[in-house]
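K.L.:
Structure of the sequence below:
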Amino acid sequence: MATLQIISLFSHLTMICVMMMSSCHGAFATDPALDTSTTTSTAALFVFGDSTVDPGNNNYITTIPEHQANYKPYGQNGFFDHPTGRFSDGRVIVDYIAEYAKLPLIPPFLGPTSDYTNGVNFASGGAGVLPETNQGLAIDLPTQLRYFEEVQKRLTKKLGEEKAKEVISEAVYFISIGSNDYMGGYLGNPKMQELYNPEQYVGMVIGNLTQAIQVLYDKGGRKFGFLRLAPLGCLPAFRAVNLRATKGRRGSFEGASALALMHNDALNTVLANLGFVLKEFKYCSSNFYEWLQERIDHPYKYGFKDGMNACCGSRPYGGSFTCGGTKKDKDYQLCNNADDYIWWDSFHATERIQEQLAKGLWSGEPFYVGPYNLESLFFEKEKLTIGIIVDKPEADPFQSF
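P.N.:
Below you'll find the model as predicted:
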């Protein structure tokens, strides 16, 4: 059982003034033009996380069908010539980030590649911050950190100590994890609910996540990107659960969304704290929860037709996780055009919404993403300041990317 690790940085969060951290408020906007044609990034990209960023690591482990996506119709949109293990109709957010940084696609750690000079992706569908989450069925965050240690040793052997240190220190570390800890690890685990109230459990997840960040920092990492949690109660799977639990009342599952909000608020405060106490620590974060909620509630404003239902699944909202027909329930329906949808399957977003999100994180302005955007981290630009947008008072905080 995981211990309640609220380490010293986390226990003193409320003592740090974070009013200047504008990424706490609002959604984020960006200039729709992504022009990096005159710059070249030398920074590698290391990815840690769950199915939101898994490029196919779970193809190489023994797990259940719910934690794999290496079968049709996953990857159906033609960007890849076969299902790669990405939980999407095509690409996921880190594929776009790599493109904007002028890097090749970042390979899965368990795949056949042995060249890590541009980075590597350790993410695993079903993974949690806590090792107890989906234990034995996914590559948890502590194990992903151990894999990173292996990569660091291989880079040192291949490049020499000085060059390897340079790669590690200039790299960007992108982290997207936590949803599974709350969906299956807490809401789906009565024993955890008996042991911890929601505040304690969130504290345990955040405490362990903070330790992971510190591990990477101690190994030389200085630049970090974070994808905070979505409004979990609005996932098609949880809409379907709520429909059954309330005997037909439509809406999102508020308990799941409340946990996500608690997690996001705590993480935001932790990151602000780390920004004060860790030398050269730089990070990109955003108000992803509100950003996505806005698109779920008003899909037509952003070029979508459906913000509630999954493109691939079965039963109300497509909330039964049957996409692909590889699970116990073989029945599923597939929409005609995934680009019309925010949700690809019962839990995961379409490629199109992930592209919009990637653009926002890449070049979003202060108030919406900060204190750095990803472009600033990759290309060593100055910290974002309010002055950058003084000349753009008309900017719509919910503009389409």
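
K.L.:
Now find how far off-centre the longest helix along the chain is within its chain.
P.N.:
If you go by DSSP state H, the chain has its longest helix at helix 254-277. On the basis of Cα atoms, centre = their mean, to the nearest Å, helix 254-277 is displaced by 14 Å from the centre of the chain it belongs to.

K.L.:
Mind giving me the packing neighbours of that helix?
P.N.:
helix 8-11, helix 179-182, helix 198-218, strand 282-286, helix 288-297 (3 or more Cβ pairs under 8 Å, 6 or more residues apart in numbering; DSSP states H and E). Every C-beta, even on glycine, is put in place using the N, C-alpha and C of the backbone.

K.L.:
what number of residues lie near the closest residue to Asp181 other than its chain neighbours?
P.N.:
In this structure, Asp181 finds its nearest non-sequential neighbour in Gly128, 4.2 Å apart by Cβ to Cβ, 6 or more residues apart in numbering. Using other Cβ atoms under 10 Å, Gly128 is surrounded by 28 other residues.

K.L.:
surely Gly128 meets Gly185?
P.N.:
Yes. Here Gly128 reaches Gly185: they are 5.5 Å apart, a contact under Cβ atoms under 8 Å.

K.L.:
Which parts of the stretch 1-150 of the chain are strands?
P.N.:
Assigned by DSSP state E, counting those that start in this stretch, the stretch 1-150 of the chain shows strands spanning 45-49, 119-121.

K.L.:
I'd like those strands laid out as TSV, including distance to Pro371 and mean pLDDT.
P.N.:
Below are the strands of the stretch 1-150 of the chain laid out as TSV (distance: least, Cβ to Cβ, whole Å; pLDDT from 0 to 100):
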stretch	distance to Pro371	mean pLDDT
strand 45-49	20	98
strand 119-121	23	98
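
K.L.:
Which of those sits closest to Met308?
P.N.:
Smallest distance to Met308 across the strands of the stretch 1-150 of the chain (Cβ to Cβ): 25.0 Å, for strand 45-49.

K.L.:
Which residues does the closest one contact?
P.N.:
The contact list for strand 45-49, computed with Cβ atoms under 8 Å, 6 or more residues apart in numbering, reads 53, 55, 94, 97-98, 101, 103, 106, 118-124, 127, 141, 144-145, 148, 151, 171-177, 212, 221, 227.

K.L.:
Identify the contacts common to Gly128 and Gly185.
P.N.:
Asn134.

K.L.:
Please name the nearest non-neighbouring residue to Pro107.
P.N.:
Per Cβ to Cβ, 6+ apart, closest to Pro107 is Thr113, 4.2 Å.

K.L.:
Neighbours of that neighbour, how many?
P.N.:
12.

K.L.:
next one: His263
P.N.:
26.

K.L.:
Just the helices from this structure, written as ranges.
P.N.:
So, for the chain - with DSSP H - the helices run 8-11, 93-100, 141-159, 161-170, 179-182, 190-195, 198-218, 236-245, 254-277, 288-297, 351-363, 374-378.

K.L.:
and among those helices, the most buried is which?
P.N.:
The highest average neighbour count among the helices of the chain, using mean count of other Cβ atoms under 10 Å, belongs to helix 179-182 at a mean of 28.

K.L.:
how about the residue nearest in space to the middle of the chain, what does it touch?
P.N.:
In the chain, the centroid-proximal residue (Cα atoms, centre = their mean) is Ser176; its distance is 2.9 Å. Residues in contact with Ser176 (Cβ under 8 Å, 6+ apart) are Val47, Phe48, Gly49, Asp50, Thr52, Val53, Ile93, Val94, Ala123, Phe226, Leu227.

K.L.:
switch to 7 Å and redo it
P.N.:
Neighbour list for Ser176: Gly49, Asp50, Thr52, Val53, Leu227 [criterion: Cβ atoms under 7 Å, 6 or more residues apart in numbering].

K.L.:
gap between the last one and Lys359?
P.N.:
Spelled out, that is Leu227. Using Cβ to Cβ, to the nearest Å, we find Leu227 at a distance of 14 Å from Lys359.

K.L.:
Can you list the low-confidence ranges for the stretch 251-400 of the chain?
P.N.:
251, 381-400 (pLDDT under 70).

K.L.:
again, only this time at 50
P.N.:
For the stretch 251-400 of the chain, applying pLDDT under 50 flags the ranges 385-400.

K.L.:
Name the residues of stretch 225-235 that are buried.
P.N.:
Gly225, Phe226, Leu227, Arg228, Leu229, Ala230, Pro231, Leu232, Gly233, Cys234, Leu235 (16 or more other Cβ atoms under 10 Å).

K.L.:
Next, the distance between the ends of that stretch.
P.N.:
23 Å (Cα to Cα, to the nearest Å).

K.L.:
From the chain's centroid, how far away is that stretch?
P.N.:
From the chain centre to the centre of stretch 225-235 is a distance of 8 Å (Cα atoms, centre = their mean).

K.L.:
Give me the residues contacting it.
P.N.:
52, 93, 172, 174-176, 178-179, 182-183, 238, 252-257, 259-260, 263-264, 267, 271, 283-286, 288-289, 292-293, 296, 346-347, 361, 374, 377.

K.L.:
rerun at 6 Å
P.N.:
Stretch 225-235 is contacted by residues 172, 174-176, 178-179, 252-254, 256-257, 260, 263-264, 284-285, 288-289, 292-293, 296, 347, 374 when judged by Cβ atoms under 6 Å, 6 or more residues apart in numbering.

K.L.:
For Gly85, find the nearest of the helices of the chain.
P.N.:
helix 93-100 (12.4 Å).

K.L.:
And the closest one, what does it pack against?
P.N.:
helix 351-363 (3 or more Cβ pairs under 6 Å, 6 or more residues apart in numbering; DSSP states H and E).

K.L.:
which helices and strands does the helix it packs on pack with?
P.N.:
With contacts defined as 3+ Cβ pairs under 6 Å, 6+ apart, the packing partners of helix 351-363 are helix 93-100, helix 374-378.
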